[in-house]
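[1] Requesting a structural model of the entry that follows:
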Amino acid sequence: MRIYDRARRIAVVGLLIGVLMLTGCGQKTKGGAPPTPEVTVVTIQSQELVTTTELSGRTSAHLIAEVRPQVGGIIQKRLFVEGSDVKAGQALFQIDPSLYKAALDNARAALARSEANLTAIQLRAGRMRELLADKAVSQQDYDDAAAALKQTQADIQYGKAAVETARINLKYSTITAPISGRIGKSGVTEGALVTAHQPVALATIQQIDPMYVDVTQSTSELLKLQRRMEEGQLQRNGALQNKVRLILEDNAIYPDEGNLKFRDVTVDPSTGSVILRIVFPNPRGTLLPGMFVRAIVQEGINKNALLVPQQAVSRDPKGNAYVLIVGEGEKVVQRSLVLDRAIKDKWLVSSGIAAGDRVIVEGMQKVKPGAAVKAVTMENGEQNGGENKKSALSAKKTDGGK
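    Numbering: from 1, shown residues only. Now for the predicted structure:
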C-alpha cells in the first residue's frame, strides 16, 4: 500500500508540473509581439490604352422613299410582294390607263391637224410675198397670211407639248419604284381610288444596306473629350479613330465595323446632346430601321494609362474613392483617387497614384494607414497559384474532358 500511495503522489506531482509548464508557455506567447500582417499587392504600371465610350441610339434607313401617285385613277393591279426587295424603276402599281391613252390619242390627232395645215399656209404666205413686191396685193393681205403661218407654227408647238404631257401622264399610270430597297406593306388594295400627290403613301421603300445609326452624346462629355485632347491626355488614333463597333439589343456584338461620318453642329435643347451619325454595312439585313443599339466609339489613345483593380478601391463615408498602398518602410499609406471610368474589372485612374505604386488588393481589412505590413506580390493577376491551378484542373475535368 505504501508503494502504491507513493507512486500515485509522484504521478500527481508530475501532472501539476506539466500544467504549470504549459501555462507558463501560453503566457509567454500571449505577452509577445504580434506577427506582421501579410497583404497582397499589385504594382501599378502605365500602359497604352485605347479609350472608348458607349453611346445609345437607333438605326435608320440610308434612303427612304414614300410611293405616291402622280395621276389619279383606279388601282388595277399591285405588282410587288410586300416585304420584298425591289429595284429602282420596277413597276409597283397599275392605275387604269384608258383615259390617259385616249388623251394621248387626242393630242396626237390635234398635232397632226396643225401639221397638215402648215404646208398650205406656207405656200400662201410665199405667194403673197411675191404679189406684194408687184403691188398686186395689199400690205394687209400679206400681213394676214404671215400671221396665219405663225399661228399654225405655234399650234404645232402647242400640239407637241400636249402630246408630251399626255405621254407622261400615261407613263405615270404605271407607278414605279423611285429607289432600290425593301418595300413595306401596301397602303391600298386593287380597286382603290387614288389621286395625284395624295398625302397618304401607297407604300414605303427603305434602303437598308448600308444603314445609318444615329447616337447621342452629351455636350458635357464632348467638352471633356475636347479638353483631354487639348491637354495631351488623349491622342488621335489616326484612321482607326472613326471605326465604331455596335452592340445589338440582345447584347450581341455586330460583326461589321461602322464609320463615324460626322457630329451634328446643333445641340438638342431638350436633352443637351448632339447627334453622331455612323454608317454600317448591312449585307445580311440584320439591322432594321428603328432598332435600339449601343455604339462603342473610340475617343483616342491614352499613352500613360493607369489601371487599378476594382477590388482594391474603397470609398469613404462621403463616397470618395481611395486605395491603400505599401509605401516607404513597408508602411500602409492611404491615397485618394479621381476615377475616370471602368475598364472591364479595373478602374482607369485620372489622378491619385503613380506608376510603381504598390496597391493592396487583399488583406485591406487587417491593416490601417501607418501600419507595418509584409507585402506579397500578385503575379499576372493571380494569387495562391497552386490553388488556382488545382481549380482550373478540376474545372477541365468537370467538363467531361472535352
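[2] What is the distance between stretch 311-318 and the centre of its chain?
    Here stretch 311-318 is found 34 Å from its chain centre; the criterion is Cα atoms, centre = their mean, to the nearest Å.
[3] Okay, now it: how far is its last residue from its first?
    Distance between the two ends of stretch 311-318: 19 Å, counting by Cα to Cα, to the nearest Å.
[4] Check stretch 322-340 too.
    Note: stretch 322-340 ends 13 Å apart using Cα to Cα.
[5] for the stretch 201-350 of the chain, what spans make up the helices?
    219-231 (DSSP state H, counting those that start in this stretch).
[6] residue contacts, the residue nearest to residue 257 when sequence neighbours are not counted?
    In this structure, residue 257 finds its nearest non-sequential neighbour in residue 243, 5.1 Å apart by Cβ to Cβ, 6 or more residues apart in numbering. C-beta here means a position set from N, CA and C on the backbone, and glycine is covered the same way. Applying Cβ atoms under 8 Å, 6 or more residues apart in numbering to residue 243 gives the contacts 257-260, 298.
[7] hey, what's residue 243 bridged with?
    Counting by DSSP bridges, residue 243 is bridged to residue 259.
[8] And residue 247, by the same measure?
    Beta-bridge partners, per DSSP bridges, of residue 247: residue 253, residue 294.
[9] That one contacts residue 253, correct?
    Yes - counting by Cβ atoms under 8 Å, residue 247 touches residue 253, with 6.2 Å between them.
[10] Of these two, give the one with the bigger neighbour count.
    residue 247 (15 against 9; other Cβ atoms under 10 Å).
[11] need the contact list for the spatially most central residue of the chain.
    For the chain, the residue nearest the mean C-alpha position is residue 295 (3.7 Å; Cα atoms, centre = their mean). Neighbour list for residue 295: 54-57, 213, 215, 244-247, 258, 276, 278 [criterion: Cβ under 8 Å, 6+ apart].
[12] and residue 144, helix, strand or coil?
    helix (DSSP: H, G, I helix; E, B strand; the rest coil).
[13] What distance do you get for it to residue 292?
    For residue 144, the distance to residue 292 equals 78 Å [Cβ to Cβ, to the nearest Å].
[14] If you count surrounding residues, which of the two has more?
    residue 144 (15 against 10).
[15] Pull the contacting residues for that one.
    Residues counted as contacts of residue 144 (Cβ under 8 Å, 6+ apart): none.
[16] I'd like to know which of the contacts of residue 295 are buried.
    Among these, those buried by neighbour count (16 or more other Cβ atoms under 10 Å) are 55, 57, 213, 215, 244-246, 258, 276, 278.
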